[in-house]
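here is a sequence together with a model predicted from it:
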Amino acid sequence: MKRLLYLIIPAFVATIAASVDYGRQDGKDLAFVEAALFGKFETIFYSKTELLFSRLENNGIANRDVDALRIPFADLQAVLDSLGKNTSTELFGAADAVLVGAKDFRPPKNLGDVQSRFCFVLILKTRSPVEIAGSFSRASKTSVLEKPAWTWVVGPTEGRTEPTHVYAVPLGESYILISNDLDDLGNIIQTVSSRSNDQTLVHLRDWNLVRDQQYWGYRRYGHQVITNRVAAGLSEIANDAQALIYLVDVKAKISTVRLLTTANGARTAGNLNARAALPPFRPIRADVWETTIPLAGDESTQERIMEVMGLFGFGLYL
């Protein structure tokens, strides 16, 4: 029986780099990309690459906790390394941060991780798509919305019995988008290009608490028809829930889960507390509930972070 647990080319490239010009990454440019993801996906995660993909532990967070925090980005590492075992290392080294948008959460065909439609965004440091072209040397050339791009096929996994087509599109000198869905990828490109979404982030509850963190997750609940509530992490989520936020304070070595509800909404918090997989959610206001998880580096901490990941749609069937 399945049981759901919560985890753990030069001329061509030059054309790509010139196809869209957003300038170097700054707060304003990144906001357009973040807003585009929020407009298309249910769950968004962001992390500095030095936090997740460095084993130096100079941030003071134990490797066991980092492994759990890396779960939303596991698909990215897998699809990149399908091009070569060092590809993810090369690209994470060239990136300052990474974003992911995910939705359409569904159980795996057999065992393994919950499947989803995703779009990752690598936020580059100083190296441009021209300089990192070698990382995609095994991919095929294609186009998305008449813009040059790369595509390749990722073979079946434990959770996915069919091969998956993956697409990568650079946006100017600052970003590389990587997705397993062409429609989603095209929508993100069009939205960022039009820059018509500048008010999206303004309307997100508690966005000011989120935007400057080194690591965060944000899920907005639409309460639309869900094909599998267990896989989507919605078993305990009632209609009073509006959003779920996960923040990591690297210096303090503590993480916070914040549940945003309707006024005087207590049903979801009660459901989660009854499950008792996390420390109890306490009311901060009538429409805000919160719990904290110290990053202690032990097995209990890892299990709790995995539980949080499941609430955002990143679960595992064993």
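Yes, it's here.

didn't residue 170 look like it was pressed against residue 178?
No: taking contacts as CB atoms under 8 Å, residue 170 lies outside contact range of residue 178: 10.1 Å. All C-beta spots, glycine's among them, are computed from the backbone N, C-alpha and C.

of these two, which one has the most company?
residue 170 (26 against 23; other CB atoms under 10 Å).

after the host helix or strand of that one comes which helix or strand?
Per DSSP states H and E: residue 170 is located in strand 164-171. Going down the chain from strand 164-171, the next helix or strand is strand 175-179, by DSSP H and E.

other residues contacting that following strand?
22, 25, 33, 76, 79-80, 91, 117-124, 129, 132, 166-171, 185, 188-189 (CB atoms under 8 Å, 6 or more residues apart in numbering).

go again using 7 Å as the cut-off
33, 76, 79, 118-124, 129, 166-171, 185, 188 (CB atoms under 7 Å, 6 or more residues apart in numbering).

export it as CSV, just CAs?
Extracted C-alpha coordinates of strand 175-179, given in CSV (Å, rounded to 0.1, in the frame of the first residue of the first chain):
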residue,chain,number,x,y,z
TYR,A,175,17.6,34.6,-16.0
ILE,A,176,17.2,31.0,-17.3
LEU,A,177,13.8,29.5,-17.2
ILE,A,178,13.5,25.7,-17.1
SER,A,179,10.1,24.0,-17.3
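
can you give me the helices for the stretch 201-318 of the chain?
207-210, 267-275, 299-311 (DSSP state H, counting those that start in this stretch).

ok, which of the ones you listed comes nearest residue 231?
Evaluated with CB to CB, those place helix 299-311 nearest to residue 231, the distance being 9.4 Å.

where does the prediction get shaky in the stretch 151-300 of the chain?
Scanning the stretch 151-300 of the chain with the threshold set as pLDDT under 70 gives 157-161, 225.

switch the cut-off to 90
155-163, 171-174, 193-200, 202, 211-212, 222-228 (pLDDT under 90).

burial of residue 230, as a residue count?
Neighbour tally, residue 230, other CB under 10 Å: 16.

how far away is it from residue 237?
Distance of residue 230 to residue 237, computed by CB to CB, to the nearest Å: 11 Å.

repeat for residue 75
Where residue 237 is concerned, residue 75 sits at a distance of 23 Å (CB to CB).

for residue 71, same thing?
For residue 71, the distance to residue 237 - CB to CB - is 19 Å.

ok, now residue 283?
17 Å.

these two: which is more packed in?
Neighbour count, other CB under 10 Å: between residue 283 and residue 237, residue 237 has more, with 21 against 14.

nearest spatial neighbour of residue 215, skipping sequence neighbours?
Spatial nearest neighbour of residue 215, chain neighbours left out: residue 248 (4.0 Å); criterion: CB to CB, 6 or more residues apart in numbering.

OK, contacts around that neighbour?
69, 213, 214, 215, 255.

could you redo the last one with a cut-off of 10 Å?
By CB atoms under 10 Å, 6 or more residues apart in numbering, the contact list for residue 248 reads 47, 51, 59, 61, 65, 69, 213-217, 254-256, 293, 295, 305.

then residue 105?
42-43, 114-117, 226-234, 310, 312-315.

surely it is in a helix?
No: counting by DSSP: H, G, I helix; E, B strand; the rest coil, residue 105 is located in no helix; its state is strand.

got a pLDDT number for it?
Looking at residue 105, its pLDDT reads 94.

distance of it relative to residue 303?
20 Å.

again, but for residue 142
Using CB to CB, residue 142 is found at 41 Å from residue 303.

so residue 39: helix, strand or coil?
Taking three-state DSSP, the label given to residue 39 is helix.

what's the neighbour count on it?
14.

quick one: residues contacting it.
101, 187, 188, 191, 196, 197, 200.

among the residues you listed, which pair sits farthest apart?
Top of the distance list for these (CB to CB): 101 and 196, 17.8 Å.

more neighbours: which of the two?
residue 101 (26 against 14).

tell me how far the more buried one lies from residue 132.
Using CB to CB, we find residue 101 at a distance of 22 Å from residue 132.

with residue 47 instead?
In terms of CB to CB, residue 47 sits 19 Å off from residue 132.

check residue 190 too.
The gap separating residue 190 from residue 132 is 24 Å, by CB to CB.

which of the two has more neighbours?
More crowded of residue 190 and residue 132, by other CB under 10 Å: residue 132, with 20 against 12.

local confidence estimate at the spatially closest residue to the more buried one that is not a sequence neighbour?
Of all residues not flanking residue 132 in the chain, residue 94 sits nearest, at 5.4 Å (CB to CB, 6+ apart). Looking at residue 94, its pLDDT is 91.

again with the one 4 residues further on
In this prediction, residue 98 carries a pLDDT score of 97.

tell me what it is bridged to.
Beta-bridge pairing of residue 98 under DSSP bridges involves residue 47, residue 122.

just give me the neighbour total for it.
For residue 98, using other CB under 10 Å, the count is 24.

ok, now residue 73?
23.
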